[in-house]
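Q: Build me a structure from this.
(one chain, ligands or ions: 1)
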Amino acid sequence: MAIRPVIYAANWKMNLGPAAACRFLERFLEITSPLEGRSLWFFPPAVSLAAVSEAVRARPDIVVGAQNIHWEMKGAFTGEVSLPMVQEAGATAVLVGHSERRHLFGETDDQVARKTAAALNAGLTPLVCVGETLAEREGGRTEAVILRQLAPLLERVAADDWGRLVVAYEPVWAIGTGRTATPDDAAQVHELIRFTIARRGVPARIRILYGGSVNPGNVPALLARPELDGVLVGGASVNPDGWAELVGLS
Ligand code: PEP
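A: Next up is the predicted model:
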């Protein structure tokens, strides 16, 4: 029987500079081995990308990605990093539209779509995050928000390219709060995303991860749902022993 491929993605946010990232990986690589059907994605801060890429060179099950990029390839954009720069540092994926980028830094749906299209053009795999706030969920607007966030992506990304990107459903109210969506809630939104994208004539089955306070206690129930292709994890991914436990659980 074929093993269902599962992605475990670690978003380190603004944690683990180059030296701390190397210490993390020294320990993590010592206590884990590649497993069929499981891929481990790390999104370190930009300054740690090169060190992380170098440290995991012998592990084909590990993907390294940037947490953010600009859609322009170069120019007068102080403080930004470009796709060629993160590629040079070893990244093959990029996180786009994380809720902290959208809500703390004002990133718009259209900017998220521009970054996604630029990443695909450059040959990187975008991991595009969507999700509603608590007020939006309580106001019955979850579906409308997800559709609004997907709309510019459907405009800018060609149908044939959707198979090369990954979507993460991350309800904002569940990120870093200790409050997780139930497996049913998550599965329902995953189905909505899949249906919306398929309706546009996208041929591939899209990979969709769930993110929001995932931990070793709740990951088995979440990944028991076939609608979920993996998880995107923040807080529970910055300790090597805890992360090794979580990725070994399902
Ligand atoms: C995230 O940062 O994408 C995330 C899901 O964070 P946490 O796991 O801490 O909720």
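
Q: who touches the residue of the chain found nearest the ligand in this structure?
A: Scanning the chain for the residue nearest the ligand gives Gly234, at 2.4 Å (criterion: CB to the nearest ligand atom). C-beta coordinates here come from the backbone N, C-alpha and C atoms, glycine included. Neighbour list for Gly234: Asn11, Trp12, Lys13, Ile175, Gly176, Gly211 [criterion: CB atoms under 8 Å, 6 or more residues apart in numbering].

Q: Of those, which are in range of the ligand?
A: Residues of the contacts of Gly234 in contact with the ligand (CB under 6 Å from any ligand atom): Asn11, Lys13, Ile175, Gly176, Gly211.

Q: Kindly list the longest helix within the protein.
A: helix 183-199 (DSSP state H).

Q: For that one, report the contacting residues that lie outside it.
A: By CB under 8 Å, 6+ apart, helix 183-199 touches 130, 142-143, 146-147, 150, 154, 162, 167, 169, 171, 181, 205-206, 208, 210, 221-222, 224-225, 227-228.

Q: tell me which element Gly177 is part of?
A: I think there's a mix-up here, since residue 177 is Thr and not Gly. Using DSSP states H and E, Thr177 maps to neither a helix nor a strand.

Q: Work out for me the element the closest residue to it other than its chain neighbours sits within.
A: In space, not counting the residues next to it along the chain, Thr177 is nearest to Ser213; the distance is 6.0 Å by CB to CB, 6 or more residues apart in numbering. Under the criterion DSSP H and E, no helix or strand holds Ser213.

Q: one step back: may I see the ChimeraX selection of the buried members of the contacts of helix 183-199?
A: Typed into ChimeraX, the line below selects the buried ones among those, using 16 or more other CB atoms under 10 Å:
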select :130,142,146,150,154,162,167,169,171,181,206,208,210,222,227,228
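
Q: Go ahead and confirm the residue nearest to Thr177 touches Thr182.
A: No. With contact defined as CB atoms under 8 Å, Ser213 does not reach Thr182; the gap is 11.9 Å.

Q: Now Leu232: phi and psi?
A: phi -110, psi 120 (degrees, to the nearest 10).

Q: For the chain, just list every one of the helices.
A: Using DSSP H, helices in the chain cover 18-31, 49-55, 83-88, 99-104, 109-122, 134-138, 142-156, 183-199, 219-223, 240-247.

Q: what comes up buried for the longest one?
A: Read it as helix 183-199. Pro183, Asp185, Ala186, Ala187, Val189, His190, Leu192, Ile193, Arg194, Thr196, Ile197.

Q: Name all residues that make contact with Trp71.
A: So Trp71 contacts Gln111, Arg114, Lys115, Ala117, Ala118 (CB under 8 Å, 6+ apart).
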